[in-house]
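**Student:** Sequence and predicted structure below; questions after.
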Amino acid sequence: GCQMAAAPAPLAASPIASNDPLAHPAPGEWTSDGRDYTAQRYSPLTQINAGNIGELGLAWYADLDTYRGVEATPLYADGVLYNTLAWNITTAYDARTGAVLWTYDPQVPREFGRLACCEPVSRGLALHGDKVIIATLDGRLIALDRTTGRPIWTTRTFPLHSGYAYSITGAPRVFGDKVVVGQSGGDLGVRGFVSAYDVETGAEVWKFYLTPSPTDTPDGAASDPVNAMMRATWSDEGLWRQLGGGANPWDAIAYDPALNLVYVGTGNAVPHSRYYRSNDEGDNLFVCSIVALDAATGAYRWHYQMNPGEEWDWTCTQSMIAADLEIGGRTRQVLMQAPKNGFFYVLDRATGEFIQAGAHVFQNWNEGFDAHGRPITSEAVRYTEEPHLVAPGPGGAHNWFPMAFSPRTGLAYFPAYQSAFVLARQPGWTPQPMRSNSGWGFVSTGEAAATRARLTQQANALEKAWLTAWDPVANRIAWQVELPRHGNGGAMVTASDIVFAGTTRQTFTAFDARSGRQLWEYPTQSAPVAGAISYELDGVQYIAINAGWGGGAAQIERGAGIEMPRAPARLLVFRLGGTAQLPPLPANASAPPEPPPLRASEATVARGALLFQQTCAVCHGQNAIGGVKDLRHMTAETHAAFTRIVLEGLLLDRGMASFADILSREDAEAIHGYLIARANEDWGR
Ligand SMILES: O=C(O)c1cc(C(=O)O)c2c(n1)C(=O)C(=O)c1cc(C(=O)O)[nH]c1-2
Ligand SMILES: [Ca+2]
């Protein structure tokens, strides 16, 4: 079986469970990412209900002065709202009026923008006593004074220049007296780990590596006792030793104070292709798993691996929610997750036992589960040099967009995305340091090209997006509301049975939690991707949400018919009878500038296309469509400065660092040739 390697040691009783304010926030407070340790994103407030929601209006808003994605769940305590943006710029607002109390800019080196797969986003922050804690893109954990915003302590969570492409986009979490945080980089090359720090001093308490030691020597870490267990699931030779293997926890980490367990949701493997990574062998622990650790020591307790031998950029970093559910005639302490692979899982959170899982979208990887809950993976989705269809696609059937659970309805709510992609192993692939490292090819020739084109049509035909309500007891969809495109926001649910979520209609929308019937909708001038919160102040219930389209979904979707937002990101705060108004939208952008004539040879354009895919596409979009800046729409001045931008970091302040370490002048010119060719192909359509 894959869940339990050793009999778990007896669970230590938690010393902080009973008097920990983060375990039991007052009904009007929202003091941690998932509101409390269950991470249900369930607000007990009921003032806003189906009868009066028509009166819900904007109380105040704050311009966030960015067109980058804003993915953070804000936090609320004692009349103050805390928020964090791209580059970890953190602000405290008077929650009644929106007046800024303080802003702290940790001055993240913009060079780190290159290492973030999906924009230099931040998914949130943490509160503890007099501290606000942030985790910066460049790997610092910083505790700020809650009243002044001044740093109290700073700890580096990974070394600079480690050879791995580490960054942080996930929220830090406070569990009792510790701060726990992970990191990103699994699509470039990192060795994932999770670490815990003393909340008062920032001193490291424990560290647990999620892939085996690349040198087969002990790390001096909490993971050492299970290094051999992990190691036995990887090949002797393989690029995992060089690139770290991945499994990095870049989003959700959860906690049960009574069991004193920390649950770590781990990411995909790197390089993606198991053939290149691990000689096409093994489960590759702990990629795409939930790993339970002793909160006091970081010692291994159990794991469940959703995708043994993962190789499709499928992550298990998604929201993990704890609840006690009546299943099969007994009360189970469950942990729920809807990872990228299209299934919704219910595990026993004390033991890791697989209880049940069901698919909520079309998928073609799973042929069932064995008696221990280990999935039977179809051989048809493994890498070959022949293009073939794999569903879901690498964006996942559910990505980081926060999931919510209502103990009243018994349903879990999350934005779902049905998709597929065309996979083919790239022959003779070699790793690209500090670049995207998948090992799958984008380009096919001859007969394979025709197959690729046919399968791409099939994949496109499968695309659909919903807000999905899942019944974790009946193990099936309770209801679904179809939404126009991928990239819909996270969910929040209230005790008045209302689900709030951002949509790609560029709205913030309320649904009946039992039926999915739409109750209310507000045009936000940008698609809110983050999770909402609710708080109460002076007897008034508020709902707060960041509306800032961006991140991974936006990079794909901007090219696929979604309008670029014309308004900057904003923090929006609603209440019954709110009368604030957003300013009118600025006029539609004028037509893109005419590109210069194409002078590069066909061979140069082809070389530029390949370099673009390997180096630039993660931020600027596949086939140079969309992305954080659509490079088909460069102005004459940008064209004139192109090689200086790419090689000298002329636009570093905007997050476009120099690539001189991996691109020659000739390379940069080939990429420029490709972009001019793309602009000419598409211009004037
Ligand atoms: O493997 C990784 O380390 C890693 C990191 C991140 C990230 O930190 O944003 C994403 C992903 N993977 C990923 O696969 C993914 O789909 C994704 C979407 C987003 C986003 O912010 O919209 N981040 C990430
Ligand atoms: Ca990834």
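**Tutor:** Yep, it's here. Ligands and ions are numbered 1, 2, ... in the order given.

**Student:** What are the neighbouring residues in contact with the closest residue to Ser419 other than its chain neighbours?
**Tutor:** Excluding the flanking residues, the one nearest Ser419 by Cβ to Cβ, 6 or more residues apart in numbering is Gly393, at 3.9 Å. For glycine as for every other residue, the C-beta is placed from the backbone atoms N, C-alpha and C. By Cβ atoms under 8 Å, 6 or more residues apart in numbering, the contact list for Gly393 reads 419-421, 459.

**Student:** helix or strand for the nearest residue to Ala580 once chain neighbours are set aside, which one?
**Tutor:** Counting by Cβ to Cβ, 6+ apart, Leu58 is the residue found nearest to Ala580 once chain neighbours are left out, at 4.0 Å. Using DSSP states H and E, Leu58 maps to strand 56-63.

**Student:** can you list contacts of the helix or strand that that strand is followed by?
**Tutor:** If you walk from strand 56-63 toward the C-terminus, the next helix or strand you reach (DSSP H and E) is strand 75-77. With Cβ under 8 Å, 6+ apart as the test, strand 75-77 has contacts from 29-33, 81-82, 95, 124-127, 132, 146, 533, 535, 544.

**Student:** And strand 75-77, how far out from the chain middle?
**Tutor:** 22 Å (Cα atoms, centre = their mean, to the nearest Å).

**Student:** and the next element down the chain from it?
**Tutor:** Downstream of strand 75-77 (by DSSP H and E), the next one is strand 80-84.

**Student:** quick one: furthest residue from the center of the chain?
**Tutor:** No residue in the chain sits farther from the centre than Arg599, which is 40.1 Å out by Cα atoms, centre = their mean.

**Student:** I figured the residue nearest to Ala580 was touching Thr579, is that so?
**Tutor:** Yes - counting by Cβ atoms under 8 Å, Leu58 does reach Thr579; the two are 7.4 Å apart.

**Student:** what about these two, which has more around it?
**Tutor:** In terms of neighbours (other Cβ atoms under 10 Å), Leu58 is the more surrounded of Leu58 and Thr579; the figures are 18 against 8.

**Student:** What's opposite that one in the beta bridge?
**Tutor:** Beta-bridge partners of Leu58, counted by DSSP bridges, are Phe574, Ala580.

**Student:** Identify each of the helices in the stretch 151-300 of the chain and give its residue range.
**Tutor:** Under the criterion DSSP state H, counting those that start in this stretch, helices of the stretch 151-300 of the chain are mapped to 227-231, 240-243, 274-278.

**Student:** for Val70, what are its contacts?
**Tutor:** Per Cβ under 8 Å, 6+ apart, neighbours of Val70: 64, 85-86, 121, 529-530, 546-548, 550, 569, 571.

**Student:** now, which of those residues sits nearest ligand 1?
**Tutor:** Val121 (5.0 Å; Cβ to the nearest ligand atom).

**Student:** give the contact list for the closest one.
**Tutor:** 68-71, 86, 169, 550-551.

**Student:** swap in Ile498?
**Tutor:** Applying Cβ under 8 Å, 6+ apart, one finds that Ile498 lies in contact with 48-50, 53, 510-513, 519.

**Student:** same thing with Asp20?
**Tutor:** So Asp20 contacts 176, 257 (Cβ under 8 Å, 6+ apart).
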